[in-house]
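# Please find the sequence and the predicted model below.
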Amino acid sequence: MTQKRIVLSSDHAAIDLRQAIANHLTQQGYNVTDIGPVTTESTHYPLHGKAAAEHVVSGQSDLGIILCGTGQGIMMAANKVPGIRCGVCMDTFSAKMIRAHNNANMLSIGARIVGESLALELVDAFLATEFEGGRHATRADMIEG
């Protein structure tokens, strides 16, 4: 079975957590593309959210995981890219549901809100869940407008 291709990006506030997630996914055999940044110098989360989203919609990656301090700003930037459905999650139920019911193709995490252990659980829940389709497909299509 071919493993999913995952793109990761963050702002300066989430570099350590992003790198921990990258290591976690690599150990599980995922094809991980980490598009940075690599220094803690202040940077603009909208640029990183957009870059990761474009990676997903272009087909270079199957799914994306993005992080900033709260997860909110970078998620908003990603969702501006047509074809992206990204949600911020702080619990595993939500991480599963955005995949199962909303066909989310990106997960956003707040590095200043969740610790590493929970973040890894969120990632695992998101990646292990498939879109259920059915009545949810109609609703997911409505999001696209």
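Alright, I've got the coordinates. Residues are numbered from 1 along each chain as shown.

# What is the neighbour count of residue 52?
Here the count is done by other Cβ atoms under 10 Å, and residue 52 has 31 residues near it. No exception for glycine: its C-beta is placed from N, CA and C like everyone else's.

# any idea how far it is from residue 79?
Here the criterion is Cβ to Cβ, to the nearest Å. By it, residue 52 lies 12 Å from residue 79.

# What of residue 96?
19 Å.

# for the chain, what spans make up the helices?
Shown for the chain, the helices assigned by DSSP state H span residues 15-27, 45-57, 72-79, 92-100, 116-128, 135-144.

# Residue 34 is nearest to which of those?
Closest approach to residue 34 among those (Cβ to Cβ): helix 15-27, 4.9 Å.

# Can you check what pLDDT the model gives the closest residue to residue 28 other than its chain neighbours?
Nearest residue to residue 28, sequence neighbours excluded (Cβ to Cβ, 6 or more residues apart in numbering): residue 3, at 7.8 Å. Here the pLDDT value assigned to residue 3 is 82.
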